[in-house]
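1. Output the structure for:
(one chain, ligands or ions: 1)
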Amino acid sequence: MDVKYFDNAATTRVKQEVLKEMIPYFEIEYGNPSAMYSIGRNSKRAIEEARKNVAELINANSNEIIFTGCGSESDNMAIKGIAMANRDKGNHIITSKIEHHAILDSCKSMEKEGFRVTYLNVDENGMIDLEELENAISSDTILISIMFANNEIGTIQPIEKIAKIAKNHNIIFHTDCVQACGNVLIDVKCMGIDSLSISGHKIYGPKGIGALYLKKGIKINKLIDGGHQEKNRRAGTENVAGIVGIGKACKIAKNNFNYHCDYLKKLKDYFINEVESKIPDVKLNGERNNRLPGNVNFSFKGVDGQTLLFKLDQIGICASAGSACNTGSQEPSHVLVAIGLEPELAYSSLRVTFGENNTMEDVDYLIENLEKIVKDLRKEA
Ligand SMILES: *Cc1c(COP(=O)(O)O)cnc(C)c1O
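-> Numbering: from 1, shown residues only. Coordinates of the predicted model:
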């Protein structure tokens, strides 16, 4: 069966051009980048070229990019590494209630280490309140971490304003950009971002590779001890092919940016309009306009989200209920709870995230079937 894939926030298909650049680093240029001989030097050169490509996507300097094992590791390193290295200045961290678990659970770990963490509320669309942020700041606040865009409901935060507030109080500002990267213009210099996480597999690159941007001069502790790779900040022989892959993915994301965003937005707007006009009792979760170009999250009143997903899967449609990370758990999504959705609506939510591989015909197929399945399920209820 031909699979129709609408779960691009969970992961994306690796682009052909990306894969093609990666393959030689498994078979031919397999030298250890720390080695002196030529195949080692070639790997090293490829890593530095990739570092430049990652840096250019976000307007950072190459020496401010650290390669990690995934987006989750970048988030862990930012929270734990920055908190521990700056502990002499204070022990308070501010984040939000709708962060990815890589951030939330890292903050929980820091609470066990004696840090105090404030989890900011969000409004019914998932936006944080800048006044609440200001009020949460105290003399011992050392780190603010607010995600650029949310993975479940697509809401984009006012990152420049948050960064300004952090700067005014001399607080380090980290942002989880795993979803925003490639989908929203990011300029760490203009926006005043100190630290930022990226993941390869969310931007048509491979899984198992991430990057952390860390502004020059900011102190951070290592998570992984061992060799002196990544300027002594992350030990372990480099995932050369993965690094080449994320570098190429970033380069394409930069060159393709306008086309990519326009195309996804077109699919998204069409889908939202069609669903709202054809299916009664639906609620769009997240901001209507200020959201990721490919993200849609609907609650279908009276429909069980898991059953809906199952029915869609039976006809080859891949989508998600809330966050993929929550699949199998009985708790409603922490993001949908944070925006104040009643449990019944939270359990009836469906996330559809478009990607470059989707066509308008795919979207029509989805709408047609969604309309029918929702009608049937409501009749049964
Ligand atoms: C996917 C995701 C992550 C984790 O990235 P991995 O590379 O899968 O570890 C972190 N934050 C957000 C917002 C994500 O969507």
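
2. mind checking how far residue 172 is from residue 317?
-> When distance is defined by Cβ to Cβ, to the nearest Å, residue 172 is 42 Å away from residue 317. All C-beta atoms are positioned from the backbone trio N, CA, C, and that covers glycine.

3. neighbour count winner among the two?
-> Each of residue 172 and residue 317 has its neighbours counted (other Cβ atoms under 10 Å); residue 172 has more, 25 against 21.

4. contacting residues around the more buried one?
-> Going by Cβ atoms under 8 Å, 6 or more residues apart in numbering, residue 172 touches 82, 86, 142, 143, 144, 166, 194, 195, 218.

5. rerun at 6 Å
-> Applying Cβ atoms under 6 Å, 6 or more residues apart in numbering, we find residue 172 in contact with 82, 143, 194.

6. Could you give the number of residues near the second one?
-> I take that to be residue 143. If you count neighbours by other Cβ under 10 Å, residue 143 ends up with 27.

7. Let the chain start at 8 from now.
-> With 8 as the first residue, the last one maps to residue 150.

8. domain parsing for the chain?
-> For the chain, the structural domains run 11-19+264-387, 23-262, going by automatic domain parsing.

9. right, so those: which one is the most enclosed?
-> Counting by mean count of other Cβ atoms under 10 Å, domain 23-262 has the highest mean neighbour count of the domains of the chain, with a mean of 20.

10. Give me the subset of the contacts of residue 179 lying in helices.
-> Assignment to helices by DSSP state H places the following of those there: residue 89.

11. Same list, the contacts of residue 179, but as JSON lines with distance to residue 166 and pLDDT please.
-> Putting the contacts of residue 179 into JSON lines (distance: Cβ to Cβ, whole Å; pLDDT from 0 to 100) gives the following:
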{"residue": "89", "distance to residue 166": "17", "pLDDT": "98"}
{"residue": "150", "distance to residue 166": "15", "pLDDT": "98"}
{"residue": "201", "distance to residue 166": "12", "pLDDT": "98"}
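
12. wait, which of the contacts of residue 179 is closest to residue 384?
-> Nearest to residue 384 among the contacts of residue 179, counting by Cβ to Cβ, is residue 150 at 44.7 Å.

13. Next up, the contacts around the closest one.
-> Residue 150 sits next to 89, 90, 100, 179 when contact means Cβ under 6 Å, 6+ apart.

14. Now narrow these to whatever sits close to the ligand.
-> Among the contacts of residue 150, none lies close to the ligand by the criterion of Cβ under 6 Å from any ligand atom.

15. Closest one to residue 358 out of these, please.
-> residue 100 (28.1 Å).

16. Return the distance of that closest one relative to residue 241.
-> 21 Å.

17. For the stretch 58-207 of the chain, which residues are neighbours of the ligand?
-> By Cβ under 6 Å from any ligand atom, the residues of the stretch 58-207 of the chain that approach the ligand are 77, 78, 79, 82, 107, 109, 154, 158, 183, 185, 186, 206.

18. give the contact list for the fifth one.
-> In other words, residue 107. Counted by Cβ under 6 Å, 6+ apart, residue 107 has contacts residue 183.

19. and residue 135, what are its phi and psi?
-> Per-residue torsions, residue 135: phi -80, psi 160 (degrees, to the nearest 10).

20. Residue 162 is in contact with residue 294, correct?
-> Yes - in this structure, residue 294 is within contact of residue 162 by Cβ atoms under 6 Å, at 5.1 Å.

21. Next one: the residue of the stretch 8-157 of the chain found nearest the ligand from residue 352, what distance?
-> Among the residues of the stretch 8-157 of the chain, residue 78 lies closest to the ligand, at 2.5 Å counting by Cβ to the nearest ligand atom. Here the criterion is Cβ to Cβ. By it, residue 78 lies 28 Å from residue 352.

22. Perfect, I'm done here.
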